[in-house]
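[1] Sequence first, predicted coordinates after that:
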Amino acid sequence: MNRTVYRRAPGPVPDSPQNLRLVDDRDDAALAVLMERAYAGTIDEHLGGNSDGAVEIAGWRQNAVPRASFVVLREGRIAAASLISLNDKDFWLAYVITHPEWKGHGLGTAVVAASLRALDAPVFAGVTDGNTPSERLLTTLGFTPVPR
């Protein structure tokens, strides 16, 4: 599958909703389940070569930037997450995860906006070509494709 890299320069970011907080280590199991539910049946279901959310979250933790990774809670559970990693010297939006029941409510945009505010630095994101919801989210927040 082809992927397009996007980049966003620092700049103004919209406000985020209440019930938003930083990710912590105790969230890993819930994030793994959320990832499996959110990606099931999508173009990115087998991203990383597997469908195991725990493996993906453990891999993210190796380069995680906890100070810029956020979750939003709804009904006492994690409904969406923005997970940032640091690769070499660049910040990457590693994952945007939204529970299927909460898609279309702006929660993905809210958590990514919180991450962007926390970093106030350039951020990159890789999106599988054809993942229209992710492409829309990124362009809404000012990301632009990086020329290949």
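    That came in fine, so what should we check first?

[2] which parts of stretch 12-28 are buried?
    Neighbour-count burial for stretch 12-28 flags 13, 16-17, 20, 23, 27-28 (criterion: 16 or more other Cβ atoms under 10 Å). No exception for glycine: its C-beta is placed from N, CA and C like everyone else's.

[3] which of those residues lies closest to residue 107?
    Nearest to residue 107 out of these is residue 17 (Cβ to Cβ; 7.6 Å).

[4] So the closest one lies in a strand, does it not?
    No. With DSSP: H, G, I helix; E, B strand; the rest coil as the criterion, residue 17 is coil rather than part of a strand.

[5] quick one: low-confidence ranges for this protein?
    When residues are selected by pLDDT under 70, those of the chain lie in 1, 41-51.

[6] Spatially central residue for it, please.
    The geometric centre of the chain, computed from its C-alpha atoms, lies nearest to residue 96 (Cα atoms, centre = their mean), at 2.1 Å.
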